[in-house]
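In: could you look at this predicted model? Sequence included:
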Amino acid sequence: MMALESQLCFALYATQLSMSKLYRRLLKQLELTYPQYLVMQVLWQEDHLTVSGIGERLSLDSATLTPLLKRLEVAELVRRQRSREDERQVEVSLTDHGSALRERARTLPAEVERASGCSTSEMKALRDQLNALRHQLDSI
């Protein structure tokens with residue numbers, strides 16, 4: 001059996017824990033959890049999406065996403081409403097407060113890069129490798 005430290009799965013797991021700890025500290029100033037930040041990132045890129053559209057972008061089902069959206073709505077960052085065209089669909093849009101939060105979050109990627117000790121090109125290469133690995137594993 002391979003030693004734990006030599007296994008890729010453990011390196012990914014331990015790194016994810018460290019990254020989560022960093023984001024927890026950085027996101028405290030925005031009063032967001034990491035999953036809430038991901039939802040906000042999606043909406044900052046493209047506002048007025050359905051719950052299923054957000055779920056597709058984040059690989060989350062609506063049962064996981066709905067409680068996140070409810071908390072963001074209570075925090076007055078997003079608004080949820082039934083689609084007029086299809087009442088089975090719930091549309092999510094940013095509030096003014098949610099849009100304004102984007103400006104405060106702009107420094108996060110640079111802070112993460114600085115904390116990593118990697119250059120921008122190293123971060124992009126690592127991201128691309130991880131995305132390729134995820135796509136490969138998802139195809140099995």
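Out: Now that the structure is in, tell me what you want to look at. Because the structure is predicted, anything quoted here is derived from the model rather than measured.
In: could you chop this structure up by domain?
Out: 21-106, 115-140 (automatic domain parsing).
In: any idea which of those domains is most buried?
Out: When those are scored by mean count of other CB atoms under 10 Å, the highest mean neighbour count falls to domain 21-106 (a mean of 15). For every residue, glycine as well, the C-beta is placed using N, CA and C.
In: how long is that domain from one end to the other?
Out: 19 Å (CA to CA, to the nearest Å).
In: now that domain, how far from the centre of its chain.
Out: 9 Å (CA atoms, centre = their mean, to the nearest Å).
In: likewise stretch 102-117?
Out: With CA atoms, centre = their mean as the basis, the mean position of stretch 102-117 lies at 14 Å from the chain mean.
In: quick one: contacts of it?
Out: Under the contact criterion CB atoms under 8 Å, 6 or more residues apart in numbering, stretch 102-117 has outside partners 19, 22-23, 26-27, 29-30, 37, 40, 44, 120, 123.
In: for Ala3, find the nearest of the domains of the chain.
Out: domain 115-140 (20.9 Å; CB to CB).
In: circling back: which of the contacts of stretch 102-117 fall within strands?
Out: In strands, defined here by DSSP state E, there are no members of the contacts of stretch 102-117.
In: run through the strands of this structure in chain order.
Out: Under DSSP E, the chain gives strands at 49-50, 78-82, 90-94.
In: adding mean pLDDT and distance to Phe10, write the ones you listed out as TSV.
Out: Below are the strands of the chain laid out as TSV (pLDDT from 0 to 100; distance: least, CB to CB, whole Å):
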stretch	mean pLDDT	distance to Phe10
strand 49-50	94	35
strand 78-82	96	36
strand 90-94	96	36
